[in-house]
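J.: Task: produce atomic coordinates for the following.
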Amino acid sequence: MPETASRTTVALLALMKLKGVGRRAALRIVDRPVANDADEDAIFERAARQKIDRQQLRVAWPEAEEQVERSVSAGIAALSLYDDGFPLRLRDIPDPPAVLFCRGDPRGLSARSALAIVGTREPTDYGERVAHRSAVAAAEAGFVIVSGLAHGCDAFAHRGCVDANGVGVAVMAHGLDKVYPVANKALAQDLIDGGGCLISEYPIGMTPVRTAFAERDRLQSGLSDGVLVIETDVKGGTMHTVRFARQQMRLLACVDHPHNWRSFPKTQGNQAMIADRWAEPIANGDALNAFLIKLRDRSGRTRPSDNDPQSTMAF
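T.: All right, here's what the predicted structure looks like:
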């Protein structure tokens, strides 16, 4: 990632500072890279046609530049949708971020194979074990592990990734100058120290709001070849990621619990997805390995490799 942000990034951030201008509206105005003064002038013209006040945009522009400078000083890079290095997987989703902030090594964002592991903040003991073991198995097979650094399944998946010396990506719902929840601050640093990164579409200073958690879920699935749901109830927040995965045509799997765990509320969403054939059931290590191989094949690498999963790990 560049040490300083592009003109395109600044233009998008400036627009999104204005009331009523979100990422979709900003991308309609900035519909190509901004390379020179003439391109910037064209943005002001297009913004005016969208009834955006020129003076407000002129005030927002240096504020956006200052925001970028503070981000860079904090070790946070910023990339626009049109910049080199922006993750190709996210360019292809229906509602991509206009700007992506990154703290850490961004190379995992463009890895050949990536798996999102998600689930409830209140997993069963079985779910905790499976989240950790699944992340270990996938990381050892060469997959980048994507999750949201929340309590519960996310944290156990990230910890499994770190324990397996894998590369992890944590998708945050706030500015990267903070880590929320605070209890996972050390885990976030472990991810960065292991060659992974934290990402967000929100600038520094942005605190978590309810809608942001649902919005970030589309990035978890978008950055991945497939999504593995550890545990969720029927109406849990994890179901946002499930819906995005289906919309984005990502392969979807979920843990198929042993019978003695199926009465627990946090397994009901899994059972519904399996019954509706939304998700591939993962009952044991062999099923997980088969799912990982399917993801590898889909990403374009069909020849067997020494890194292909071979474990017969049992949950």
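
J.: confidence score at the residue nearest to Lys235 when sequence neighbours are not counted?
T.: Leaving aside its sequence neighbours, Lys235 sits nearest to Gly269 (Cβ to Cβ, 6 or more residues apart in numbering; 7.8 Å). Every residue, glycine included, has its C-beta placed from N, CA and C. Note for Gly269: predicted pLDDT of 97.

J.: Ser305 too?
T.: With respect to pLDDT, Ser305 scores 47.

J.: change the start of the numbering to 35 and stick with it
T.: Okay, residue one is now 35; in that scheme the one you just asked about reads as Ser339.

J.: in stretch 49-56, what's buried?
T.: Going by neighbour count (16 or more other Cβ atoms under 10 Å), the buried part of stretch 49-56 is Leu49, Met50, Lys51, Leu52, Val55.

J.: average pLDDT for it?
T.: In this model, stretch 49-56 has a mean pLDDT of 96.

J.: got the contact list for that stretch?
T.: For stretch 49-56, contacts defined as Cβ atoms under 8 Å, 6 or more residues apart in numbering pick out 57, 59-60, 63-64, 77, 81, 86-87, 90-91, 94, 97-98, 132-133.

J.: Just those residues: which are in strands?
T.: Val133 (DSSP state E).

J.: residues touching the residue nearest to Lys269, list them.
T.: Val263, Glu265, Thr266, Asp267, Val268, Lys269, Gly270, Thr272, Met273, Val276, Cys288.

J.: One more pass at 6 Å, please.
T.: Counting by Cβ atoms under 6 Å, 6 or more residues apart in numbering, Gly303 touches Thr266, Asp267, Val268, Gly270.

J.: Just say helix, strand or coil for it.
T.: Following DSSP: H, G, I helix; E, B strand; the rest coil, Gly303 is assigned to helix.

J.: how much space between it and Val263?
T.: Gly303 sits 7 Å away from Val263, going by Cβ to Cβ, to the nearest Å.

J.: With Phe135 instead?
T.: Phe135 sits 26 Å away from Val263, taking Cβ to Cβ as the criterion.

J.: Surely Cys288 is within a helix?
T.: No: per three-state DSSP, Cys288 lies outside any helix segment and is strand.

J.: wait, doesn't it sit right on Asn304?
T.: Yes: at 4.5 Å, Cys288 counts as touching Asn304 under the criterion of Cβ atoms under 6 Å.
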